[in-house]
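Provided below are the primary sequence and the corresponding predicted coordinates.
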Amino acid sequence: MTNKLIKGLVATAVLAALSGCGSDNDDVTVPKTCAEAGDACTTFTVLHTNDNHGRFWENSNGEYGMAARMTLIEQIRAEVEANGGETILLSGGDINTGVPESDMQNAVPDFVGMNLIGYDAMAIGNHEFDNDLDVLDMQAQLADFPMLAANIYHKDDEGNVTDERYFDPYKVFDVNGLKVAVIGLTTKDTAKLVNPDNVAKIHFADPEVEIAKAIAEIKANETVDLIFATTHMGHYADGQHGSEAPGDVTLARSLEAGQLNAIIGGHSQNPVCMEGDAYDPEFTPGGECKPDVQNGTYIMQAHEWGKYVGRADFEYFNGELTLASYDLIPVNLKAKDENGVRQFIQDEIKPDATVKAILLPYQLEGQELLDVEISETDGKLEGDRGVVRAQQTNLGHLLGHAYRTYNLVNADFGVMNSGGVRDSIAEGTITYRDVLTVQPFGNFVTKATMTGAEVKDYLNVVATKTAGSGAYAQLDNITMTVDCTAGEVDITDINGKGFKAEDTYTFSVISFSAAGGDDYPVIDVESTQITDAAVLRQFFVDTPTVIAADYEPTPGQLVYMDNGTEVAGCPASN
């Protein structure tokens, strides 16, 4: 029997008893507002962030950062408590992977910052498995709060899934006198988004099955007023998740109405704000935000990186939960004014001095680690703007090779827009700082799968981009002739397989280009969700000595013809 039903029966019995006593209670009414309910109404506030991705420190413009987040959260806590409420702070996961200062320290500064801020629980994100499990185990020990995942299970030595979960499935909190159970769930896509070796000993079960199981466990073993979920599954409008695993909308719809009160999410890294019943992709920082509601379940997500703190003020009376107000509060986000000067969107939040002082050594250590040698090259890797945008270069092909051979990609050939190559790497030592100079934008490495005919159509556009422009493509491990005059390519070989229109081929491409950047065709891809810089760094670590000549374009492999004359790339007239 549910708590709501029990409370309803108790209320009915009380009213019947009062009526039986003949007292003057005919005018007793059920309160319709928290004010009418008075002391019978409990107020509390859920604060939330998600997809931190290593942003423990403010960016170069002084935006977000955990020190300012601490100040904001403490201000909200004080306000809520002064008004008789209490707060709970949840994270939708993906603490790991995003900036090198954090990555090279296994996100220790991020977990230290979360401890200082006082998080109550977090979902496990897919990027928590970007490292070996011993790193995740270390982070779980470091965290002063539970990591929750109801759908992650151990495997035995034979690879069989056991009934033992890797993390606690839920935790029950006392929030201003209410018992609130919080269930954790992780996207089932995790198994294909990370290095398979990292998750060989665990299993990601179906969240829709596991949440029903977790709710049954809670009802059997706990006495609770409300059930929430903190998830890392993504918000996909109207459940249209495409090639992604189903997310929060589908999860809410899979349950009976009333079983799950709210979902605090992550993974899709979008501010979940609705215009009526439709998702509003044009949310303006500092503007109004109305969460999604599916099957009686509130669904919330606070974009990414700690750019916002989500604030949900709830009221609970008559056995029902009501969302009194909701805000996505910008954390020192800025916008350019009419003079091009960045100004705070809302009042500046002064970073907490203690948090900043504790995290500063990690930031300084991260800067030092950027200059640690990770490889060396016996010759210049050519990325000078005037060269790489006009002809095939060894650095352009090295990038294509590094991305296509990355273990989550393993593609036949590589495509790299030259505008994304921002500098050369000089002969001698190579540091992570060099990597970030070459690839500073943080695009994801992705993989496309096409038939030979589709590849030809794609390259008819991409390979004929004007030499000298950022769109000029560096193309690795493919043999073809580019007819600039006709605007088409003649492919003879891909990855030693020959070429047939009906066969299937794969290639690596950065997310910027896959999404139509540089006027490339928009294509469907599988994203590694790993940045180009992180993949390039790993390539250099795995290749302690780079022979520059090994990446020089092979003569005759890519031939550009314009009106019968061989050129380095298609001229602007075409």
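Here it is on my side, so go on.

give me every residue that touches residue 417.
By C-beta atoms under 8 Å, 6 or more residues apart in numbering, the contact list for residue 417 reads 470-474, 510, 512-513, 517-518, 520. The way it works is simple: take the backbone N, C-alpha and C, and place the C-beta from them, glycine included.

from these, which is closest to residue 371?
For residue 371, the closest of those turns out to be residue 510, at 25.3 Å, with distances computed as C-beta to C-beta.

Show me the shaky parts of this protein.
1-28, 573-574 (pLDDT under 70).

Show me how it divides into domains.
Structural domains assigned to the chain are 44-366, 374-567, following automatic domain parsing.

The residue nearest the centre of the chain: what secondary structure?
Central residue of the chain (C-alpha atoms, centre = their mean): residue 267, 4.3 Å from the mean position. The three-state assignment at residue 267 reads coil, by DSSP: H, G, I helix; E, B strand; the rest coil.

leaving aside the residues next to it on the chain, what's closest to it?
What sits nearest to residue 267 in space, not counting adjacent residues and going by C-beta to C-beta, 6 or more residues apart in numbering, is residue 234, at 4.0 Å.

For that neighbour, what is the enclosing helix or strand?
Element membership for residue 234, per DSSP states H and E: none, as it lies in no helix or strand.

Break down the stretch 451-574 of the chain into its helices, ranges please.
According to DSSP state H, counting those that start in this stretch, the stretch 451-574 of the chain carries its helices in the segments 452-462, 511-514, 532-542.

Mean neighbour count and distance to residue 253 for the ones you listed - can I get that in a markdown table?
As requested, the helices of the stretch 451-574 of the chain are exported to a markdown table (neighbours: other C-beta atoms under 10 Å; distance: least, C-beta to C-beta, whole Å):
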| stretch | mean neighbour count | distance to residue 253 |
| --- | --- | --- |
| helix 452-462 | 18 | 34 |
| helix 511-514 | 22 | 29 |
| helix 532-542 | 21 | 35 |
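
Could you export those as JSON lines, including distance to residue 384?
Below are the helices of the stretch 451-574 of the chain laid out as JSON lines (distance: least, C-beta to C-beta, whole Å):
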{"stretch": "helix 452-462", "distance to residue 384": "22"}
{"stretch": "helix 511-514", "distance to residue 384": "21"}
{"stretch": "helix 532-542", "distance to residue 384": "18"}
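
Identify whichever of those lies nearest to residue 100.
In this view, those are compared for proximity to residue 100 by C-beta to C-beta, and helix 532-542 is the closest at 7.4 Å.

Look up how far residue 301 lies from the closest residue to residue 280 other than its chain neighbours.
Of all residues beyond its chain neighbours, the one nearest residue 280 is residue 273 (4.9 Å), with distances taken as C-beta to C-beta, 6+ apart. Spatial separation of residue 273 from residue 301 under the definition C-beta to C-beta, to the nearest Å is 9 Å.

Those two: which is more packed in?
When neighbours are counted by other C-beta atoms under 10 Å, residue 301 comes out ahead of the other of residue 273 and residue 301, with 31 against 22.

which residues touch the more buried one?
Residue 301 touches 50, 92, 235, 248, 264-266, 268-272, 310, counting by C-beta under 8 Å, 6+ apart.

switch the cut-off to 7 Å
Residues in contact with residue 301, defined by C-beta atoms under 7 Å, 6 or more residues apart in numbering, are 50, 92, 235, 265-266, 268, 270-272.

Correct me if wrong: the residue nearest to residue 280 contacts residue 290.
Yes - with contact defined as C-beta atoms under 7 Å, residue 273 counts as touching residue 290 (6.2 Å).

What is the three-state secondary structure of residue 376?
strand.

Is it bridged to anything, and to what?
residue 429, residue 545 (DSSP bridges).

Kindly reformat the contacts of residue 301 as a markdown table containing distance to residue 220.
Shown next, in a markdown table, are these (distance: C-beta to C-beta, whole Å):
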| residue | distance to residue 220 |
| --- | --- |
| 50 | 30 |
| 92 | 27 |
| 235 | 30 |
| 265 | 26 |
| 266 | 28 |
| 268 | 32 |
| 270 | 35 |
| 271 | 36 |
| 272 | 31 |
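
which one of these sits closest to residue 497?
Looking at the contacts of residue 301 and their distance to residue 497, the nearest is residue 268, at 35.7 Å (C-beta to C-beta).

give me the number of residues near the closest one?
Residue neighbour count, defined by other C-beta under 10 Å, stands at 23 for residue 268.

thinking residue 545 is in contact with residue 376, fair?
Yes - proximity of residue 545 to residue 376 meets the contact threshold set by C-beta under 7 Å, at 5.8 Å.

which of these two has more neighbours?
The residue with more neighbours, out of residue 545 and residue 376 and counting by other C-beta under 10 Å, is residue 376; that gives 15 against 9.

what are the ranges of the helices in the stretch 51-200 of the chain?
66-82, 100-103, 108-117, 133-142, 190-193.

how far off helix 108-117 does the fourth one point, in degrees?
Meaning helix 133-142. With axes from the mean of the first three to the mean of the last three C-alpha atoms, to 10 degrees as the basis, helix 133-142 and helix 108-117 are set at 20 degrees to each other.

returning to what we had before: tell me who's in contact with the residue nearest to residue 280.
With contact set as C-beta under 7 Å, 6+ apart, residue 273 has these partners: 280, 283, 289-290.

ditto for residue 346
For residue 346, the contacting residues are 286, 330, by C-beta under 7 Å, 6+ apart.

just to revisit the earlier point, can you give me every residue that contacts the residue nearest to residue 267?
With C-beta under 7 Å, 6+ apart as the criterion, the residues that contact residue 234 are 187, 244, 247-248, 267-268.

Mind picking the two most distant members of these?
Farthest apart among these by C-beta to C-beta are 244 and 248. That separation is 11.5 Å.

So those two - more neighbours on which side?
The residue with the greater number of neighbours, taking residue 244 and residue 248 and applying other C-beta under 10 Å, is residue 248; the counts read 32 against 16.

residues contacting the more buried one?
When contacts are counted by C-beta under 7 Å, 6+ apart, residue 248 is found next to 231, 233-235, 263, 265, 299.

quick one: residue 247 from residue 441, how far?
Distance of residue 247 to residue 441, given as C-beta to C-beta: 26 Å.

The two: which has the busier surroundings?
Between residue 247 and residue 441, counted using other C-beta under 10 Å, the more crowded position is residue 247 (27 against 15).

what's near enough to touch that one?
Each residue near residue 247 by C-beta under 7 Å, 6+ apart is listed here: 233-236, 241, 268.

any chance of these in CSV, with distance to residue 417 too?
Conversion of the contacts of residue 247 to CSV gives the following (distance: C-beta to C-beta, whole Å):
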residue, distance to residue 417
233, 32
234, 27
235, 30
236, 28
241, 28
268, 25
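
Quick check: of those residues, which lies closest to residue 369?
Of all the contacts of residue 247, residue 268 has the smallest distance to residue 369: 30.5 Å, by C-beta to C-beta.

Test my guess that the closest one contacts residue 232.
No - taking contacts as C-beta under 7 Å, residue 268 lies outside contact range of residue 232: 9.6 Å.

can you give me the helices in the stretch 201-350 of the chain?
Counting by DSSP H, counting those that start in this stretch, the stretch 201-350 of the chain forms helices over residues 207-221, 248-253, given from the N-terminal end onward.

Pick the most deeply packed of those.
For those, the largest average neighbour count (mean count of other C-beta atoms under 10 Å) is found in helix 248-253, namely a mean of 24.

can you give me the strands for the stretch 51-200 of the chain?
Counting by DSSP state E, counting those that start in this stretch, residue ranges of the strands within the stretch 51-200 of the chain are 86-91, 121-123, 147-148, 152-155, 161-165, 170-175, 178-186.

Thanks a lot, catch you later.
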